[in-house]
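1. sequence and predicted structure, then a few things I'm wondering about:
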Amino acid sequence: MTAPLTASLTPSTTAWHRLRASHAGPLALISAVALFLFRGILSDVGFDNHELLLLYVRVQQYAVELATGHFPPRVFPDALAGGGAAFPFFSPPLAYWVSALLGLSLGDLVLGVNASFVLAVLLSGLALYGMGVALTGRRWLAMMCALFYISLPYRLLNVLVLGALAESWTFVWYPLVLTGAWWTATRGRLSWLLPVSVAALLLTHTVLALYFCCLCALLLAACRSWLGWRGVGRVVAGALLGAAMTLWHYLPVLLSLDEVWAGLPDAVWGAPDFVHVHRVLPWQWFDQDPNRWTGISSPNQFDSMCFALGAGQWLALVLAVGAYAVVARRGLAEGDARLSSLAKVLVALWLGCLVFMMAPLPFLLVLPRAFGYIQFPWRLQGVTLFLALAATGLFLARLPILPRLGRVLAGAAVVLALATPPFEQRTDLITEWNDAILTPGLLLRGGALGYTRLGEFLPRTHAARAWLPRVLHLPLPDAHVQVLDASREGSRWRARVDAPEGGTLVLPLVAYDFYRASRDGDGARALETFSEDGLLGVRLAPGSYTLTVEPGSSPPQWLGFGLGVAALGGVLFLSRGRRRVSAPEPLFASGA
């Protein structure tokens with residue numbers, strides 16, 4: 001019985017090895033180009049960027065909380081001279097978790113942040129390659145689009161100039177969302193990739209996820225004619241399940257947002273008028289002035305940075321559309337006709353994004369106010385970059401291009417990627433920005449606004465800049481309470497108190513609803529907390545004991561966690577069933 005079984009498995013095993021080996025070359029090349037372009041930040045020294053040292057400080061604070069055992073982290077413990085700021089509670093955490101874990105693993109948090117940027121670029125290129133292969137089956141085409149995805153100007157500006165850590169990770173999820181939606185629509189069952197990638201995008205960057213999901217909804221509506229209601233329903237269900245998987249984070253945030261300054265658009269540069277002032281002027285799409293390759297905003301009617309969308313993106317899309325039009329008119333188009341329908345909708349969405357960036361005000365006046373939190377319309381360049389390259393690849397997939405010509409085009413893409421102008425690759429390392437500089441003294445001095453520029457995650461009870469003086473004092477017990485000693489580990493605050501008759505104790509901590517106080521011993525009984533003019537107070541029970549105050553889970557977070565687990569169960573249920581494995585022969589036959 002062994003011989004027939006071995007004989008029946010050998011062809012399949014051989015085909016699988018052939019398939020895996022056929023992708024090794026493109027994946028290695030994409031990885032090599034990504035490492036070459038961003039080699040300047042593969043260092044344990046920080047680089048100059050729009051976020052300055054705050055980028056590294058935030059990740060250090062996440063690492064402190066993770067090392068203390070607080071998961072998920074909810075507060076920056078050293079901000080406001082130890083008063084704490086709830087950046088991790090309100091901000092999507094995924095990019096910071098990855099960076100902090102990398103830093104802890106490598107033993108150097110600055111190196112961890114830099115490695116996180118490079119990893120995001122690398123994975124985004126591999127994700128787009130995977131999408132190209134999944135939708136078109138042409139390896140050369142997938143590799144070409146992936147190389148442009150990691151090398152066009154905005155990718156380098158996004159990392160090397162803006163230092164936009166969370167935004168850099170959104171590029172990984174765009175291709176995976178579209179791939180998951182395609183598989184869900186064409187395979188007759190939910191692909192787990194769709195809800196997982198939607199959840200990852202939402203947990204990476206709220207505003208860009210909002211815009212991208214809105215565009216996907218328009219894409220889905222436009223493709224309803226060939227998807228059918230069942231196909232649309234499956235994709236919508238998958239996306240909703242992915243959103244539900246993030247409720248452990250977003251449900252408590254939505255209930256608490258009105259309590260902090262981030263809930264006011266005017267306070268965080270989210271008003272429609274501000275967004276409109278920073279619109280992109282048409283000539284800026286083609287600006288390649290090295291002297292303006294900067295991330296500093298200008299007080300004029302536009303930002304001073306170079307907004308070059310990348311002439312290659314415009315040219316590639318125009319040529320692909322033109323070539324497809326000629327081929328389609330002659331009846332020579334190959335492959336799945338649905339790809340060209342999908343590409344046409346992507347082009348329409350791409351053009352709509354360009355119009356929005358040049359004239360955002362008419363859109364923002366009718367859209368929900370959350371869309372104004374994009375602040376700067378040019379942030380949509382990451383989305384337009386993906387839409388343009390996806391559309392280009394889908395149009396080219398319908399052309400009768402011979403494998404030899406395809407390899408030539410892929411080789412040209414490698415040359416263009418490596419020919420990126422030096423000023424776009426320039427990295428200004430600052431030797432003083434190393435792991436050793438992240439000392440308690442620096443952290444306590446530099447967090448007056450909670451390690452953000454606007455102090456948007458501080459309570460509205462006081463002006464953002466008024467919080468630091470309010471926490472620069474010792475705990476304030478009432479007349480019946482004596483604090484014998486106090487210590488702090490991360491955001492965990494401990495004090496040995498003597499309160500024969502009970503009483504109250506006001507701590508030098510900003511009062512957030514997620515703080516929990518307990519009396520050690522006797523089962524660590526919970527104590528009531530309250531806000532004393534914005535500072536955290538605790539009502540003490542009679543006795544002498546050790547008081548512990550630290551962030552904890554709230555009922556909305558537990559509810560969100562339960563809903564997320566239920567959504568995950570729904571994903572596993574709907575994506576179950578026998579997996580449909582396509583034979584590898586068509587992929588090889590396509591000359592990919």
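-> Right, received. Where do you want to start? Numbering: from 1, shown residues only.

2. only C-alpha atoms for contact and neighbour calcs from this point on.
-> Fine.

3. so which bits of stretch 514-529 are buried?
-> Buried residues in stretch 514-529, counted by 16 or more other Cα atoms under 10 Å: Phe514, Tyr515, Arg516, Ala517, Ser518, Arg519, Ala526, Leu527, Thr529.

4. what's the fifth one sitting at in phi/psi?
-> The phi and psi torsions at Ser518 (degrees, to the nearest 10) take the values phi -140, psi 160.

5. what of the second one?
-> Note on Tyr515: its backbone torsions stand at phi -70, psi 140 [degrees, to the nearest 10].

6. endpoints of stretch 88-99, how far apart?
-> Using Cα to Cα, to the nearest Å, the end-to-end distance of stretch 88-99 comes out at 13 Å.

7. so which residue is smack in the middle of the chain?
-> Thr204 (2.7 Å; Cα atoms, centre = their mean).

8. surely that one and Ser168 touch.
-> No - using Cα atoms under 8 Å, Thr204 is not in contact with Ser168, being 9.3 Å away.

9. Three-state assignment for Lys550, please.
-> Just to correct that, residue 550 is Glu rather than Lys. State at Glu550, reduced to three classes by DSSP: H, G, I helix; E, B strand; the rest coil: strand.

10. actually, Cys306.
-> coil.

11. mind listing what the closest residue to it other than its chain neighbours touches?
-> Leaving aside its sequence neighbours, Cys306 sits nearest to Trp293 (Cα to Cα, 6 or more residues apart in numbering; 5.0 Å). Applying Cα atoms under 8 Å, 6 or more residues apart in numbering to Trp293 gives the contacts Leu157, Val161, Met305, Cys306, Phe423, Glu424.

12. Leu361 too?
-> Leu361 sits in contact with Pro272, Asp273, Val275, His276, where contact means Cα under 8 Å, 6+ apart.

13. on that earlier part again, in strands only, show me the buried residues of stretch 514-529.
-> Among the buried residues of stretch 514-529, the ones falling in strands (DSSP state E) are Tyr515, Arg516, Ala517, Ser518, Arg519, Ala526, Leu527, Thr529.

14. what's the most distant pair in those?
-> Tyr515 and Arg519 (13.8 Å; Cα to Cα).

15. Leu219: helix or strand, and which one exactly?
-> helix 206-222 (DSSP states H and E).

16. give me phi/psi at the closest residue to Ala511 other than its chain neighbours?
-> Leaving out its chain neighbours, the residue that sits closest to Ala511 by Cα to Cα, 6+ apart is Leu536, at 4.3 Å. Backbone torsions of Leu536, given as degrees, to the nearest 10, read phi -80, psi 120.

17. ok, Leu536 - contacts?
-> Counted by Cα under 8 Å, 6+ apart, Leu536 has contacts Val506, Leu507, Pro508, Leu509, Val510, Ala511, Tyr512, Thr529, Phe530.

18. the fourth one contacts Gly82, correct?
-> Yes - under the criterion of Cα under 8 Å, Leu509 lies in contact with Gly82, with a separation of 7.2 Å.

19. between these two, who's got more neighbours?
-> Leu509 (27 against 24; other Cα atoms under 10 Å).

20. okay, now the closest residue to that one other than its chain neighbours: neighbour count?
-> Sequence neighbours aside, Gly83 is the residue nearest to Leu509 in space, at 4.2 Å (criterion: Cα to Cα, 6+ apart). Neighbouring residues of Gly83 were enumerated by other Cα under 10 Å; the total is 27.

21. ok, residues contacting stretch 398-408?
-> Contacts for stretch 398-408 (Cα under 8 Å, 6+ apart): 140-141, 323-324, 327, 332-337, 339-340, 590-592.

22. now with 6 Å?
-> Residues outside stretch 398-408 that contact it (Cα atoms under 6 Å, 6 or more residues apart in numbering): Trp140, Ala333, Glu334, Gly335, Gly591.

23. now stretch 324-339
-> Applying Cα under 6 Å, 6+ apart, the contact partners of stretch 324-339 are Leu394, Phe395, Arg398, Leu399.

24. which strand or helix spans the last one?
-> Put plainly, it is Leu399. Residue-wise, Leu399 maps onto no helix or strand under DSSP H and E.

25. likewise the first one?
-> Using DSSP H and E, the secondary-structure element containing Leu394 is helix 381-397.

26. nearest spatial neighbour of Gly242, skipping sequence neighbours?
-> Distances taken as Cα to Cα, 6+ apart place Pro195 nearest to Gly242, at 3.8 Å, with adjacent residues excluded.

27. look at Ser544 and say how many residues are nearby.
-> Using other Cα under 10 Å, Ser544 has 18 neighbouring residues.

28. what about it, which SS state?
-> strand.

29. so it is in contact with Asp498, correct?
-> Yes - between Ser544 and Asp498 there is a contact under Cα atoms under 6 Å: 4.3 Å.

30. picking that back up, so which of the contacts of Trp293 wins on neighbours?
-> That'd be Val161 among the contacts of Trp293, by other Cα under 10 Å, with 25 neighbours.

31. pLDDT score for that residue?
-> Listed pLDDT for Val161 reads 91.

32. tell me how far it lies from Phe47.
-> Taking Cα to Cα, one finds Val161 at 9 Å from Phe47.

33. just His23 next, same as before
-> His23 is 34 Å from Phe47, by Cα to Cα.

34. of these two, which one has the most company?
-> Neighbours were counted for His23 and for Phe47 using other Cα under 10 Å; Phe47 has more, 25 against 17.

35. returning to that earlier point: quick one, phi/psi of the residue nearest to Cys306?
-> Phi and psi for Trp293, reported as degrees, to the nearest 10, are phi -80, psi 70.

36. dump the contacts of Leu361 into CSV; add pLDDT and secondary structure as well.
-> Below are those laid out as CSV (pLDDT from 0 to 100; DSSP: H, G, I helix; E, B strand; the rest coil):
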residue, pLDDT, secondary structure
Pro272, 95, helix
Asp273, 94, helix
Val275, 93, helix
His276, 93, helix
